[in-house]
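>>> Got a predicted structure plus its sequence, pasted below:
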Amino acid sequence: MPDRQALVLLPGLLCDERLWRDVADGLADVADITIADLTQDASVADMAARVLAAAPERFALGALSMGGYVAFEILRQQPQRVTRLALLDTSAAPDSPERAKQRRAGLRLLEQGRFLGVTQQLLPKLVHATHLRDGIGDEVRAMARRVGPEAYRRQQRAILDRPDSRPLLPTIAVPTLVVVGESDVLTPPAEAEAMQQAIPGAKLVRIADCGHLPPMEAPAETARRLRAWLAD
């Protein structure tokens, strides 16, 4: 049996440890897992520094969405500590002008005292239609409420100010897995394909009937893919 590995998992915007809970349970026999808290800082540089300060000396790194932006920053700050990389439903590119405009609109609402969290209108962009009424949608909305408005403010500012990570991709020299939900509309499969093609030796996995949150929508499949990545 291979040695157990240290594995650090990074959540996305308005996500807490619930995002990774079921996947972490599924990998508990092969990895010592830490789920990072990305709610305390207003820049990806500070988020990455906080993760690195608490992480083991060497670790595998898995990240979803905003967590992917932090993972890229970790690789800029201390690449020698990362043994392998899994990027789930994220992008190395900056926001489009339209997406940045939407983020700023959300921050303006927050300044007016309106924290919408994950609305019924947003939820179909986060999860596949089959999960809108099976309890997953309710858990996603509850998770956003737990994270709350102040952390949302910090996270959106960090996302808006993040650097373009595309130039970093060809320099990544660890085994890399890129995962994307087939129905992800926020970071669609084309984004995943672009990353996979730019990272030397990276592998791409698409998960059927899944949107932006594979660790919650398809935890068994996500854990199976990550188990193979850890053993590769």
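Happy to help now that I have it. Residues are numbered from 1 along each chain as shown.
>>> Distance check, residue 93 against residue 227.
In this structure, residue 93 lies at 29 Å from residue 227, with C-beta to C-beta, to the nearest Å as the measure. Using the backbone N, CA and C atoms, a C-beta is placed for each residue, glycine as well.
>>> Look at those two and report which has more neighbours.
Here residue 93 and residue 227 are compared on neighbour count by other C-beta atoms under 10 Å; more neighbours surround residue 227, at 16 against 13.
>>> does the more buried one belong to a helix or a strand, and which?
Under the assignment given by DSSP states H and E, the secondary-structure element containing residue 227 is helix 219-231.
>>> who does that helix touch, helix- and strand-wise?
Using 3 or more C-beta pairs under 8 Å, 6 or more residues apart in numbering; DSSP states H and E as the contact criterion, the elements in contact with helix 219-231 are helix 21-27, strand 82-88, strand 176-181, strand 203-207, helix 214-217.
>>> Could you dump the ones you listed into JSON lines and include mean neighbour count, distance to residue 7 and mean pLDDT?
Shown next, in JSON lines, are the helices and strands packed on helix 219-231 (neighbours: other C-beta atoms under 10 Å; distance: least, C-beta to C-beta, whole Å; pLDDT from 0 to 100):
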{"stretch": "helix 21-27", "mean neighbour count": "19", "distance to residue 7": "7", "mean pLDDT": "98"}
{"stretch": "strand 82-88", "mean neighbour count": "24", "distance to residue 7": "9", "mean pLDDT": "98"}
{"stretch": "strand 176-181", "mean neighbour count": "26", "distance to residue 7": "12", "mean pLDDT": "98"}
{"stretch": "strand 203-207", "mean neighbour count": "18", "distance to residue 7": "17", "mean pLDDT": "98"}
{"stretch": "helix 214-217", "mean neighbour count": "26", "distance to residue 7": "13", "mean pLDDT": "98"}
